[in-house]
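Asker: I'll drop the sequence and a predicted model, then ask my questions.
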Amino acid sequence: MPLDLDITGIVEAPRHIERVFLRSSLLTAAALDAATGCHVLAKSELANPIGCFKGRGADLFCATALAAEESVVCASAGNFGQGLAYAANRRGHACTVFASEQANPVKIEAMRRLGADVRLAGADFDAAKAAARDHALHTGQRWVEDGAEPAIADGAGTIALELLDAASFDSIVVPLGNGALLDGIGRVVRALAPHVHVIAVVAVNAPAMKLSLEAGQAIVTARADTIADGIAVRVPIPATLARLRDCCDDVVAVSDDDLFAAMQLIHRTLGVVVEPAGAAGIAAILATPKRYAGQRVATILTGANIAPVLRQRLLSPPLAFSR
């Protein structure tokens, strides 16, 4: 089934989304280009009230898809939960977020600070998701599934509108979790710049989305053990897979070592701290530099909400060894 290239909802989305989430910075650096062998255009979704791109889709969803005072429940590794908590609180909706018992404490604290009723359940995101869905069934709260709601993908798609308005590029490399980001960006690029190659990125240790898109059906994995909690999907959403496959030309996988090396390079050259999922695009470029050599390559720094242990590892000076 061909991709529906109707991007009307994306084009109209900015008038509903709070300005603090829009017109994010486009970062470049000669040192980053030298290290990657291509000209990198990094869309930085870090300098907003929740430190990630999720506010765009969450705010659009709350503005256009909810009845007055309708309460919501979702599952989140932390960033979408922050976005939904921020938007729901601002617009008068109660918000419950289920997160894994192993979730990043920085994200848990942030969701609570933003007004969410945060409940910890299960060993990973998908276990928390099952608990959240069950909670919605028994309480009547509106179940909000990141990756399945059209408004959330439309909000994410505004990133691509801004990118195409600011620069031209040959490829765009997109972190792939449950798929809202790829859905929105892929539709815009297919409609407005069909010559651009769209590459989705997963973690080697969380390959469910790659396996599923390649197989054409949902492939559930037993585990999703990666430092990149934002793309640590174990159970794909079956209904979205055909659409997501049409949104990209390829799906690649990067290791945790690739992700951390990308985080270090981003910090050294662009001067910003990103969480592992936010470095996935740069990690993919570093892993296969010949693929992008000499190109203009766009990517999205999707979030800055790094776990304390990783932050310390990233920012600690290298050890000096004496002879």
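Answerer: Arrived safely, thanks for sending. Numbers count the residues shown, from 1 in each chain.
Asker: how about the helices in the chain?
Answerer: Here the chain has its helices, by DSSP state H, at 8-12, 30-36, 54-64, 79-91, 105-113, 125-139, 150-166, 180-192, 208-215, 241-247, 256-270, 280-287, 289-292, 308-315.
Asker: would you list these in CSV and tack on mean pLDDT?
Answerer: Formatted as CSV, the helices of the chain follow (pLDDT from 0 to 100):
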stretch, mean pLDDT
helix 8-12, 97
helix 30-36, 98
helix 54-64, 98
helix 79-91, 98
helix 105-113, 98
helix 125-139, 97
helix 150-166, 98
helix 180-192, 98
helix 208-215, 98
helix 241-247, 96
helix 256-270, 98
helix 280-287, 98
helix 289-292, 98
helix 308-315, 96
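Asker: could I get these as CSV with mean neighbour count and distance to D225?
Answerer: No exception for glycine: its C-beta is placed from N, CA and C like everyone else's. Below are those laid out as CSV (neighbours: other CB atoms under 10 Å; distance: least, CB to CB, whole Å):
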stretch, mean neighbour count, distance to D225
helix 8-12, 16, 34
helix 30-36, 15, 27
helix 54-64, 28, 23
helix 79-91, 26, 19
helix 105-113, 19, 18
helix 125-139, 18, 12
helix 150-166, 24, 26
helix 180-192, 26, 22
helix 208-215, 21, 12
helix 241-247, 20, 22
helix 256-270, 20, 9
helix 280-287, 27, 16
helix 289-292, 15, 26
helix 308-315, 13, 15
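Asker: distance to V20 for those - can I get that in TSV?
Answerer: What follows is the helices of the chain, written out as TSV (distance: least, CB to CB, whole Å):
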stretch	distance to V20
helix 8-12	19
helix 30-36	26
helix 54-64	7
helix 79-91	9
helix 105-113	15
helix 125-139	26
helix 150-166	13
helix 180-192	19
helix 208-215	29
helix 241-247	27
helix 256-270	21
helix 280-287	23
helix 289-292	32
helix 308-315	23
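Asker: neighbours around V202, how many?
Answerer: Around V202 there are 29 other residues, counting by other CB atoms under 10 Å.
Asker: now it, which residues is it bridged with?
Answerer: Using DSSP bridges, the beta-bridge partners of V202 come out as A253.
Asker: stretch 287-301: how far from the chain's middle?
Answerer: Distance of stretch 287-301 from its chain centroid, counting by CA atoms, centre = their mean, to the nearest Å, is 18 Å.
Asker: so how far is the first residue of that stretch from its last?
Answerer: 17 Å (CA to CA, to the nearest Å).
Asker: do the same with stretch 42-55
Answerer: End to end - CA to CA - stretch 42-55 spans 18 Å.
Asker: can you tell me the closest non-neighbouring residue to A29?
Answerer: Excluding its sequence neighbours, the residue lying closest to A29 (CB to CB, 6 or more residues apart in numbering) is T269, at 4.4 Å.
Asker: and that neighbour, how far from A277?
Answerer: Here the criterion is CB to CB, to the nearest Å. By it, T269 lies 19 Å from A277.
Asker: which one of the helices of the chain lies nearest to A42?
Answerer: helix 256-270 (6.4 Å; CB to CB).
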